[in-house]
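K.L.:
got a structure for you, letters missing:
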């Protein structure tokens, strides 16, 4: 990095006086690779304005529409919170067997409860409130990038890091997501802003311990990253600060244990079940993808900018700490069998920190042209990639978000988003809706009751086959969401003896509904391949991918309650985890009709 001269525009920096640490060798290592500096002047005057800009940009994307990077977003965080507050929801296996902590869903539930208390219990209000809350949390990322860079690399690098953190498209596009990778990333950058622990108050040291342990509880897979940050903080702290750190860490440790006991009946129950589940199921994912797939995804998503990690390594003492954090994030995820881009989200702001320092370092080149050309070219290219990224126009970008589980929907940030969420919004505000059948996807890919927010029967294609066939459909669903422009060809039977319908989009197992693009009618094929036209449904609207139908009659069969247990099919795996105490999945999704004895 170029030598920085103190000017009126930059902060005056003084070396922090380290306290007595655990061993001189460890302390020297910390000083060598972190070289913290105290700053005597106030922060950049544009800092608050840029942070407000960061929130506005994130809010614009969040409120412009909906997309789902993975079904976990709804079924493991939003839907459980809705079920807790409003009393209706789909319960997937994670929350039936207790494989997820209530930390993040509990926060969402708190927001929903406040909205309900204020009378803002319509999806249009509480969905926006939840999104804006997580956007606010996400602003900690550019703030943490600025504070960390300012203390360790100087004011000029800090300003560059702040600008990159505010405007980078991935940090904008995923800001409102409640998933643990994104929440943990915001908290990790805050933790970096607090480190190291030399010459700090006991309150800050306590907060350091609280935050570090909380991040591990939120995203256990980031433990190696957090472990290094906590270790550095512990080494650089004095005895009183270390005690405060341990006190904060212990407080969160006990708090999480109590939460687990209260919600699942045992300390750290969800972490144990989740770990065992990943070990058992993960073994069957061997060969799913190459460990190097993460590097390819980073290269595509960054337009090649992430390769800055290579030249950054030439100044290992300057940037070694950040490089070590990147490796600690990448290597454990590369070693596991199941890989998705979202798992390594923490790497994005870290390589942006390296990019910021490399750009500033290039201004110290001796050649007058190069010292201007390289920074200008790097920033211009970063702006180009960020603009292309937010419009999903980077070459091969869509391949980055398609996990190998093939459960991911359309990940489009602001244009061409999944239209099914608009349909759910209309159904949520339509009093004529008495039962919904979504034929386009399974429960885990739907918007769930979180988007529907009505105490009405709600079916996906699997539950419809189990609960309705071969009865009259119009007695159950007032509205049907189907695929559009499916043109049927004929029926057939698979080698296993399963009847199926041949369509222009592949074979579909019978019995099933399908939109007949020729007759403009919704058609039902029974399990013998017989075609039945549903004349009692009229087409309300249609786009390129979906169609919405309304029953001209009123369905008569209602449920006793609106909790759907969609947790079947894992009994064998759970038997290995729970032994003889395996919870039993109720038959028929736990659904009982009111007119049943």
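P.N.:
Cool, the structure landed. Remember, it's a predicted structure, so these values are computed and weren't measured experimentally.
K.L.:
Please parse the chain into its domains.
P.N.:
As given by automatic domain parsing, the domain ranges for the chain are 13-63+131-273+286-390, 420-551.
K.L.:
What ranges in the stretch 301-450 of the chain fall below the confidence cut-off?
P.N.:
403-409 (pLDDT under 70).
K.L.:
Tell me where it has strands.
P.N.:
When secondary structure is read from DSSP state E, counting those that start in this stretch, the stretch 301-450 of the chain shows strands at 436-438.
K.L.:
Just give me the residue closest to the centre of the protein.
P.N.:
Nearest residue to the geometric centre of the chain (CA atoms, centre = their mean): residue 179, 3.2 Å.
K.L.:
mind listing what that one touches?
P.N.:
Neighbour list for residue 179: 69, 70, 72, 73, 77, 104, 342 [criterion: CB atoms under 8 Å, 6 or more residues apart in numbering]. In this view, the C-beta of every residue, glycine as well, is placed from N, C-alpha and C.
K.L.:
rewinding a little: compile the domains of the chain into TSV and extend it with columns for distance to residue 84.
P.N.:
What follows is those, written out as TSV (distance: least, CB to CB, whole Å):
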stretch	distance to residue 84
domain 13-63+131-273+286-390	10
domain 420-551	11
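K.L.:
Indicate which one of these is closest to residue 581.
P.N.:
domain 13-63+131-273+286-390 (10.4 Å; CB to CB).
K.L.:
Rounded mean pLDDT for the host helix or strand of residue 208, please.
P.N.:
Using DSSP states H and E, the element containing residue 208 is helix 202-218. For helix 202-218, mean pLDDT is 95.
K.L.:
picking up where we left off before, columns distance to residue 45, secondary structure and neighbour count on top of the contacts of residue 179, output as JSON lines?
P.N.:
JSON lines is the format used below for the contacts of residue 179 (distance: CB to CB, whole Å; DSSP: H, G, I helix; E, B strand; the rest coil; neighbours: other CB atoms under 10 Å):
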{"residue": "69", "distance to residue 45": "36", "secondary structure": "coil", "neighbour count": "21"}
{"residue": "70", "distance to residue 45": "40", "secondary structure": "coil", "neighbour count": "23"}
{"residue": "72", "distance to residue 45": "41", "secondary structure": "helix", "neighbour count": "23"}
{"residue": "73", "distance to residue 45": "37", "secondary structure": "helix", "neighbour count": "20"}
{"residue": "77", "distance to residue 45": "38", "secondary structure": "helix", "neighbour count": "25"}
{"residue": "104", "distance to residue 45": "35", "secondary structure": "helix", "neighbour count": "24"}
{"residue": "342", "distance to residue 45": "35", "secondary structure": "helix", "neighbour count": "21"}
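K.L.:
Now the two most distant members of those residues.
P.N.:
69 and 104, at 15.0 Å, using CB to CB across the contacts of residue 179.
K.L.:
buried residues in the helix holding residue 208?
P.N.:
Judged by neighbour count (16 or more other CB atoms under 10 Å), helix 202-218 contains these buried residues: 205-218.
K.L.:
Format these as a markdown table; extra columns: distance to residue 235.
P.N.:
A markdown table is the format used below for these (distance: CB to CB, whole Å):
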| residue | distance to residue 235 |
| --- | --- |
| 205 | 13 |
| 206 | 17 |
| 207 | 18 |
| 208 | 13 |
| 209 | 14 |
| 210 | 19 |
| 211 | 17 |
| 212 | 14 |
| 213 | 17 |
| 214 | 21 |
| 215 | 19 |
| 216 | 19 |
| 217 | 23 |
| 218 | 24 |
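K.L.:
so which of those comes closest to residue 351?
P.N.:
residue 215 (19.3 Å).
K.L.:
ok now do the nearest residue to the closest one once chain neighbours are set aside, which residues does it touch?
P.N.:
Leaving aside its sequence neighbours, residue 215 sits nearest to residue 187 (CB to CB, 6 or more residues apart in numbering; 4.7 Å). Residues near residue 187 by CB under 8 Å, 6+ apart: 140, 211, 214, 215, 218.
K.L.:
how much space between residue 184 and residue 558?
P.N.:
With distances taken as CB to CB, to the nearest Å, residue 184 is found 42 Å from residue 558.
K.L.:
Tell me the backbone dihedrals of residue 454, please.
P.N.:
phi -140, psi 140 (degrees, to the nearest 10).
K.L.:
if I read this right, it contacts residue 428, doesn't it?
P.N.:
Yes: applying CB atoms under 8 Å, one finds residue 454 in contact with residue 428, separated by 6.2 Å.
K.L.:
How many neighbouring residues does residue 125 have?
P.N.:
For residue 125, the tally of surrounding residues (other CB atoms under 10 Å) stands at 14.
K.L.:
biggest helix in this structure by residues?
P.N.:
In the chain, with assignment by DSSP state H, the single longest helix is helix 239-264.
K.L.:
buried ones in that helix?
P.N.:
241-242, 244-245, 248-249, 252-253, 256, 259-260, 263-264.
K.L.:
That helix - contacts with which helices or strands?
P.N.:
Other helices and strands packing on helix 239-264, by 3 or more CB pairs under 8 Å, 6 or more residues apart in numbering; DSSP states H and E, are helix 103-117, helix 202-218, helix 223-236, helix 269-283.
K.L.:
Out of those helices, which gets nearest to residue 145?
P.N.:
Among these, helix 223-236 comes nearest to residue 145, with 14.5 Å by CB to CB.
K.L.:
How much space separates residue 534 from residue 516?
P.N.:
10 Å.
K.L.:
Need the overlap of contacts for those two.
P.N.:
Common neighbours of residue 534 and residue 516 (CB under 8 Å, 6+ apart) are 522, 523.
K.L.:
Show the pLDDT at the spatially closest residue to residue 51 that is not a sequence neighbour.
P.N.:
Excluding its sequence neighbours, the residue lying closest to residue 51 (CB to CB, 6+ apart) is residue 139, at 5.5 Å. Looking at residue 139, its pLDDT is 98.
K.L.:
can you check the one 5 residues further on too?
P.N.:
If you check residue 144, the pLDDT there is 97.
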